[in-house]
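Trainee: Here is a sequence together with a model predicted from it:
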Amino acid sequence: MTHTLAGMADGFAIVAAFAQLINAWEAKVIDTFTHIQTRLEVTPHLLRLGRLFSETVLIEVGGDEFYLTFDKGHIVSVVEGPSRKTPWRFALRTDSEALTKFWQARPEPGFHDIFGLVKIGRGRVDGDILNLVKNLRFFKEVLTLARAKEELVA
Amino acid sequence: MSIEPITGRYVTATMSGAPRRIYFEEAGQGRPVICLHTAGADTRQWRHLMNDAEITASYRLIAFDMPWHGKSLPPEGFETQEYLLTTEAYIETVLAVVDCLGLDRPVLAGCSMGGRIALQIAALHPEKFSGFIAIEASDFQPAWYDIDWFHRPDAHGGEMGAALVSANISPFAPNSERWNTLWMFMQSGPGVFRGDLSFYTKDDSLIPRLPTIDTAKTPVHIIVGAYDLTCTPEDAERTANAIPGATLAVMDELGHFPMSEHPEGFRPFFVDALEKMPSPAAKTT
């Protein structure tokens, strides 16, 4: 293979464009979680359901880590990883396409619920699963706050 | 004001050598159809079809609460028992109710664990019925969750159960019916959903019995929702394929509790299923 300056420049351009896309995607995910954080503050029944929930949850999307820290049902921080120093109670790991489908107003079968993602092999739940199950309604409804309000489903 | 045509009464049947007071509801006149509820729920799942005047004009729909469920009390001494439903006890209950009500070869329609037992009865006691409608029913489903989650001293099993089974409800379901469906799980008695799931997720005895079902004598129609994570269309298709002559319908926009979560969407599939059940009189001609 011959490496020319022009070829290398093209390569750098492609890498830069790819990095830009990745950054855009991560920013979009952060925006969505921030949107969820805002929506949660104006959703009284969820704040009531989550009043005993003070945990950090890891959401991993295609290898990118996002840490959502809850305090008495409020999301107090959304922090992008990676981090080896942030303890979390449970984790939901999925991929970007699956999460995009999950956030559609009426997802296709399997993408309509976090356990659906697990069942179809597009998601994994790790950590203290019993803690998740004890707070399952709250957590699932919080994640679906990114769906259109008029078609919100848990 | 409107008063619904559904009436509720109690019948005492003997099961396992002891009397059981069973609550049942019915509506309509004509050919009897026994309707079995899912795990962790009760007869209210059938309320929409029982209020459907066109269906009840020619069918007598009868739904009953299994012991421990709804308005059927658990047996005497339940306070020291661990509730674990078995295939044998479930079959005995269904047959006892049919006998007590004096029904002549009704159609048996059941959903989820009710569909599972309908298929068991199709294999073991077909002469008691004239056809089987197995909804969200499959040969066997191992648990994709820990059933012990739903009976613990430190958490509300009903609320956790409802949150889990909401995964099986279609996003096309009207929101009010989604929550009416989940409410039944929230009301379920302590350990009852777990005891039902024990039967549903551990007993695989139906698998070798499926090929013995004679659909020429008693038809079997299986209905499954695409949003059902517990009994997927693939599970239902595998089950239908194992029963010679069984038919299958897939509902693209429904989930695991179709008659309750989305009655309007389910209605045509149920009507179609009833039409596939030849009456006992027609069979002899």
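Mentor: Great, that's in hand. Residues are numbered from 1 along each chain as shown, chains lettered A, B, ... in the order given.

Trainee: Next, please give the residue ranges for the helices of chain B.
Mentor: B:47-50, B:53-56, B:87-100, B:113-124, B:157-165, B:175-187, B:192-202, B:233-242, B:258-261, B:263-275, B:280-283 (DSSP state H).

Trainee: Can you check which of those helices gets nearest to A:Asp95?
Mentor: Of all these, helix B:233-242 sits nearest to A:Asp95, with 22.0 Å by Cβ to Cβ. Placement of C-beta: from N, CA and C, glycine included.

Trainee: CA-only coordinates of that closest one, as PDB, when you get a sec.
Mentor: Taking Å, rounded to 0.1, in the frame of the first residue of the first chain, the C-alpha atoms of helix B:233-242 are listed here in PDB:
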ATOM      1  CA  PRO B 233     -45.400 -15.800  18.000                       C
ATOM      2  CA  GLU B 234     -42.500 -18.200  17.500                       C
ATOM      3  CA  ASP B 235     -43.500 -20.100  20.700                       C
ATOM      4  CA  ALA B 236     -47.100 -20.300  19.600                       C
ATOM      5  CA  GLU B 237     -46.200 -21.400  16.000                       C
ATOM      6  CA  ARG B 238     -44.000 -24.100  17.400                       C
ATOM      7  CA  THR B 239     -46.800 -25.300  19.600                       C
ATOM      8  CA  ALA B 240     -49.400 -25.200  16.800                       C
ATOM      9  CA  ASN B 241     -47.000 -27.100  14.500                       C
ATOM     10  CA  ALA B 242     -46.800 -29.900  17.100                       C
END
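
Trainee: Go through it and flag the buried ones.
Mentor: Neighbour-count burial for helix B:233-242 flags B:233, B:235-236, B:239-240, B:242 (criterion: 16 or more other Cβ atoms under 10 Å in any protein chain shown).

Trainee: just stretch B:190-208 next, same as before
Mentor: Across stretch B:190-208, burial judged by 16+ other Cβ under 10 Å covers B:190-201, B:203, B:206.

Trainee: show me what contacts the residue lying closest to B:Ser279 once chain neighbours are set aside?
Mentor: Computed as Cβ to Cβ, 6 or more residues apart in numbering or on different chains, the closest residue to B:Ser279 that is not its neighbour in sequence is B:Arg31, at 6.2 Å. Counting by Cβ atoms under 8 Å, 6 or more residues apart in numbering or on different chains, B:Arg31 touches B:58-60, B:106-107, B:279.

Trainee: wait, B:Val250 sits on B:Ile222?
Mentor: No. Applying Cβ atoms under 8 Å as the test, B:Val250 and B:Ile222 come out as separate, 9.4 Å apart.

Trainee: Bridged to B:Phe64, which residues?
Mentor: B:Phe24 (DSSP bridges).

Trainee: got a pLDDT number for it?
Mentor: On the pLDDT scale, B:Phe64 is placed at 98.

Trainee: circling back: identify the farthest-apart pair in the buried residues of stretch B:190-208.
Mentor: For those, the maximum inter-member distance is 27.9 Å, found between B:Pro190 and B:Leu206 (Cβ to Cβ).

Trainee: and of the helices of chain B, who's closest to chain A?
Mentor: Among those, helix B:157-165 comes nearest to chain A, with 3.6 Å by Cβ to the nearest Cβ.
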